[in-house]
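Colleague: structural data only, the sequence is not supplied:
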């Protein structure tokens, strides 16, 4: 079974555009769970342009499924993980000015940093996932650094999907197979939607979890949040 974690950053973006608390991200997270989502993902950035640190603390009190907090492992992020103790911490290499996560870690070049931070976060009883491109060498680097899981960056897959989906998914199959051999869990995320999700799921038999935000929230504008989540769950079935 591949679990669906809903990234609610875009709900917070909408709220922040107007001020106040409409839409309410805590209520939205609870609705996502009620509609069948098996996890909630947030990525609190230093400038709090969408999810705020206060949101993370409020969500900690109500999320009953898997809580996944993404971020660059600086001191502030690690302190937040220590305080909240989510089910999963997903490490991304983004600097503060990056609009959205658009590249994975070079786990070879940053091996020392990742090993240190992964050990710290695991000491809090938190599962650690590392965001990587579909490259066997980088998967091996994540395993060597002590990661529990990888999250495959699926932006290139989504971009190439309509031109040749079989060619687009091939590097992900190789990376996922190597991750499975190394005992790593396998997550995936970025630009996944109702067009390309089912084929990815069928192509990666050991896929544990997908994290989807932008496309899912966009679909919800037309289809409604409950119906949208059920359609994504159906694509993963």
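Modeller: It's in. For clarity, every value in this text was computed on a predicted model and none was experimentally measured. Residues are numbered from 1 along each chain as shown.

Colleague: any idea how far residue 11 is from residue 146?
Modeller: According to C-beta to C-beta, to the nearest Å, residue 146 and residue 11 sit 33 Å apart. Placement of C-beta: from N, CA and C, glycine included.

Colleague: strands along this structure, start to end?
Modeller: Listed in chain order, the strands found in the chain under DSSP state E are 3-7, 39-42, 66-71, 88-91, 127-132, 149-153, 185-189, 209-212.

Colleague: ok, and what's touching the second one?
Modeller: By C-beta atoms under 8 Å, 6 or more residues apart in numbering, the list of residues contacting strand 39-42 from outside reads 3-9, 12, 29, 32-33, 51, 55-56, 59, 63, 65-70, 87, 90, 209, 211, 213.

Colleague: so, low pLDDT: which residues of this protein?
Modeller: 95-102 (pLDDT under 70).

Colleague: any idea what the residue nearest the centre of it is bridged to?
Modeller: In the chain, the C-alpha closest to the average C-alpha coordinate belongs to residue 211, at a distance of 4.1 Å (C-alpha atoms, centre = their mean). Judged by DSSP bridges, the bridge partners of residue 211 are residue 5, residue 189.

Colleague: what residues are up against it?
Modeller: Taking C-beta under 8 Å, 6+ apart, one finds 5-7, 39, 41, 68, 70, 90, 151, 187-189 in contact with residue 211.

Colleague: let's have the strands of the chain in a markdown table, adding distance to residue 19.
Modeller: Listed next are the strands of the chain as a markdown table, based on distance: least, C-beta to C-beta, whole Å:
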| stretch | distance to residue 19 |
| --- | --- |
| strand 3-7 | 22 |
| strand 39-42 | 20 |
| strand 66-71 | 24 |
| strand 88-91 | 29 |
| strand 127-132 | 31 |
| strand 149-153 | 32 |
| strand 185-189 | 29 |
| strand 209-212 | 27 |
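
Colleague: for these, which one sits closest to residue 174?
Modeller: strand 149-153 (10.8 Å; C-beta to C-beta).

Colleague: what angle sits between the closest one and strand 66-71?
Modeller: 60 degrees (axes from the mean of the first three to the mean of the last three C-alpha atoms, to 10 degrees).

Colleague: which other helices and strands contact strand 149-153?
Modeller: strand 127-132, helix 165-181, strand 185-189 (3 or more C-beta pairs under 8 Å, 6 or more residues apart in numbering; DSSP states H and E).

Colleague: recalculate using a threshold of 6 Å.
Modeller: The contact analysis (3 or more C-beta pairs under 6 Å, 6 or more residues apart in numbering; DSSP states H and E) places strand 149-153 against strand 127-132, strand 185-189.

Colleague: and of those, who's closest to residue 114?
Modeller: Per C-beta to C-beta, nearest to residue 114 of the helices and strands packed on strand 149-153: strand 127-132, 6.6 Å.

Colleague: so which of the strands of the chain comes closest to residue 233?
Modeller: strand 3-7 (5.8 Å).
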